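Colleague: coords below, sequence missing:
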């Protein structure tokens, strides 16, 4: 495939670099110095700047005030955001809005999407399920009662839940409910403060505030439920690919920090970067980043273009997740090693990058699980 970006995609990345200039990753208290989350809310000032730069509506069509771009453009912007650890729900809100546009119908789109593109309506996604190990769609049950849906269940680790206006919740219909389709997955738009919905605070590995969303007979109007088949699978793939973009941007910034530090730190009268053991480790991490990048753009292209080929898009997303999960861990571990004790100093931002990297690694899941699923996929689709 051709990895050359279009002018519009490059313009989005350039605009993002301008918005994120001056954003400091250590501008909020360190998790090591607080008993709870690093902050109560996401960075609203930065969110407003993203809205004014039209970066919250990249994937939306012109009828909603958007640019009509694809997943590659979003990933380019996410890559820049991770370099400064931008504390905004850019991935979740953009992906949720794109799913509503693609699968939700005109009436729902007209009510939500223009406001989401302007930053007036903040969306997030409950993608972790009850435990973080099972499918998110299995954690909440949905049943139809006339013109409303009734939801029951629990979703853990919902990002930016306390700052979002609506949470996109995947839910599974009863296996015996023939009226709405047995065992189908729908996407319900839930307001965290509505009757029957409750949040319990959780704190992520990165120190950011998450929410456990409990739903007890929550009633959602049928117009606020996306029933189209394949909507959750598409949204989940976009979220995973966007997380890979975050891992890539974070890894690139960490490797640059390591290069700058080892180029200045001297031992025996020479910069430690000139030592072969240091150079080889840094080179290995550079290779990791290039593999993360190549697999990311392949996955983003497949999602954005709808191309399927012999294997479904899941195969490319799985490969990108394998490289991102393993790669970002190796990059930050090597950075900590080459920084020595200085890397653990909470006055130096590397510790926050390490914490965010661990959060991203856990969000992506273990590489071995995707390797197994990829093997099953290849067995089911012989290439010969």
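Modeller: That came through fine. These numbers were taken from a predicted model, which means no experiment stands behind them.

Colleague: Buried residues in the helix of greatest length in the chain, which are they?
Modeller: Taking DSSP state H as the criterion, the chain has its longest helix at helix 231-264. Applying a neighbour-count criterion of 16 or more other C-beta atoms under 10 Å, the buried positions in helix 231-264 are 231-232, 234-255, 257-259, 261-262. Quick note: C-beta positions are derived from backbone N, CA and C, even for glycine.

Colleague: Also stretch 317-334?
Modeller: Residues of stretch 317-334 classed as buried under the neighbour-count rule (16+ other C-beta under 10 Å) are 317-332, 334.

Colleague: chain center to that stretch: distance?
Modeller: Using C-alpha atoms, centre = their mean, to the nearest Å, the distance from the centre of stretch 317-334 to the centre of the chain it belongs to is 14 Å.

Colleague: Could you pull up the mean pLDDT of that stretch?
Modeller: Confidence for stretch 317-334, expressed as mean pLDDT, is 95.

Colleague: To what extent is residue 5 buried, counted in neighbours?
Modeller: Residue 5 sits with 15 neighbouring residues when counted by other C-beta atoms under 10 Å.

Colleague: typo on my end, residue 14
Modeller: 11.

Colleague: List the neighbours of the helix or strand hosting it that are in contact with it.
Modeller: Residue 14 belongs to helix 7-20 when assigned by DSSP states H and E. Contacts of helix 7-20 from elsewhere in the structure, counted by C-beta atoms under 8 Å, 6 or more residues apart in numbering, are 5, 46, 49-50, 53-55, 58, 67, 69-70, 72-73, 76-77, 79-81, 83-84, 86.

Colleague: and the residues you listed, which are buried?
Modeller: Buried members of the contacts of helix 7-20, scored by 16+ other C-beta under 10 Å, are 46, 49-50, 54-55, 58, 67, 69-70, 72-73, 76-77, 79-81, 83-84, 86.

Colleague: Sort out for me which of those residues are in helices.
Modeller: 46, 49-50, 72-73, 76-77, 79-81, 83.

Colleague: Let me know the closest of those residues to residue 299.
Modeller: Lowest distance from residue 299 to these (C-beta to C-beta) belongs to residue 72, with 9.8 Å.

Colleague: now the closest residue to that closest one other than its chain neighbours: how far from residue 71?
Modeller: Among residues not flanking residue 72 along the chain, residue 300 sits closest, at 4.6 Å (C-beta to C-beta, 6 or more residues apart in numbering). Taking C-beta to C-beta, to the nearest Å as the criterion, residue 300 is separated from residue 71 by 4 Å.

Colleague: tell me, what's touching the two both at once?
Modeller: Between them, residue 300 and residue 71 have residue 241 as joint contacts when contacts are counted by C-beta under 8 Å, 6+ apart.

Colleague: Residue 199 is in what secondary structure piece?
Modeller: If you go by DSSP H and E, residue 199 is part of strand 197-203.

Colleague: Run me through the strand neighbours of that strand, direction for each.
Modeller: strand 209-221 (antiparallel) (DSSP bridges).

Colleague: buried ones in the partner strand?
Modeller: Using 16+ other C-beta under 10 Å, the residues of strand 209-221 that count as buried are 209-215, 218, 220.

Colleague: Could you tell me how many residues sit around residue 283?
Modeller: One way to gauge burial is a neighbour count; for residue 283, by other C-beta under 10 Å, it gives 10.

Colleague: Quickly note the distance from it to residue 331.
Modeller: Applying C-beta to C-beta, the value for residue 283 to residue 331 is 12 Å.

Colleague: do residue 107 as well
Modeller: Here the criterion is C-beta to C-beta. By it, residue 107 lies 45 Å from residue 331.

Colleague: Please give me every residue in contact with the spatially most central residue of the chain.
Modeller: Ranked by distance to the mean C-alpha position of the chain (C-alpha atoms, centre = their mean), the top residue is residue 243 at 3.7 Å. Taking C-beta under 8 Å, 6+ apart as the criterion, residue 243 is in contact with 91, 321, 324, 360, 363-364.

Colleague: can you give me the helices for the chain?
Modeller: In the chain, the helices defined using DSSP H lie at 7-20, 44-52, 71-83, 90-103, 106-117, 231-264, 276-305, 313-339, 350-364, 367-380.

Colleague: need the contact list for the closest residue to residue 370 other than its chain neighbours.
Modeller: Distance criterion C-beta to C-beta, 6+ apart; nearest residue to residue 370, sequence neighbours excluded, is residue 318 at 4.4 Å. Taking C-beta under 8 Å, 6+ apart as the contact definition, residue 318 lies against 370, 373-374, 377.
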